[in-house]
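# quick check, what structure comes out for this input:
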Amino acid sequence: MLNQVVLMGRLTRDPELRRTPNGTPVASFTLAVERDFSSRETGEKQTDFIDIVAWRHTAEFVSKYFFKGQMAAVTGRLQIRDWTDRDGGKRRSAEVVAENVYFADSKRAREDSGDYSPRSGNLPFEDSYPSSAPFSIGESEFSELDDDDGDLPF
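Residues are numbered from 1 along each chain as shown. Coordinates of the predicted model:
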């Protein structure tokens, strides 16, 4: 069986980090995900608000680096939970259990926004986020090969 969900949207609120009684971190947040098609009546795109739950290291990562309004990409699985409300009524809710959460805003958008992360001590975005690449290569580090004979090595 396959239960795989891929979503991209904006956080509607800052992630809420909690811990289970045995100390396991769990973060919850909601993604506003715009549909690809427009409504026939209004011509506007509809938005779905999807509850996301992240556990352990993913929960700590999300709570440290993500905040309301930021674009995020989430991969995970759909989970349906049955529960009883305060009045004794049977209820059912759907949520995505996040396996991976990625930055989906471009670095340029983060730099241009001039916004600051609420949990980073008001450092600018470039200083408060880990780089998405392990290193960067400048144009000057590339050069033509002088002894290229045109043959491929395989």
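# I figured Ala94 was touching Arg77, is that so?
No: contact status for Ala94 versus Arg77: not in contact, 11.1 Å apart, counting by Cβ atoms under 8 Å. Quick note: C-beta positions are derived from backbone N, CA and C, even for glycine.
# kindly provide the distance from Gly76 to Asp105.
Separation of Gly76 from Asp105 (Cβ to Cβ, to the nearest Å): 20 Å.
# the two: who's more crowded?
Gly76 (21 against 16; other Cβ atoms under 10 Å).
# and that one, bridged to which residues?
Here Gly76 shows beta-bridge partners Val5, Ala98, assigned using DSSP bridges.
# try Pro25
Beta-bridge pairing for Pro25 (DSSP bridges): Arg19.
# can you name the residues in contact with stretch 73-88?
Contact with stretch 73-88 is made by 3-8, 31, 52-53, 90-104, as judged by Cβ atoms under 8 Å, 6 or more residues apart in numbering.
# pLDDT weak spots in this structure?
Within the chain, the segments meeting pLDDT under 70 span 107-154.
# okay, buried residues for the longest helix seen in it please.
Counting residues, the longest helix found in the chain (DSSP state H) is helix 56-65. Neighbour-count burial for helix 56-65, counted by 16 or more other Cβ atoms under 10 Å, picks out Thr58, Ala59, Glu60, Phe61, Val62, Ser63, Lys64, Tyr65.
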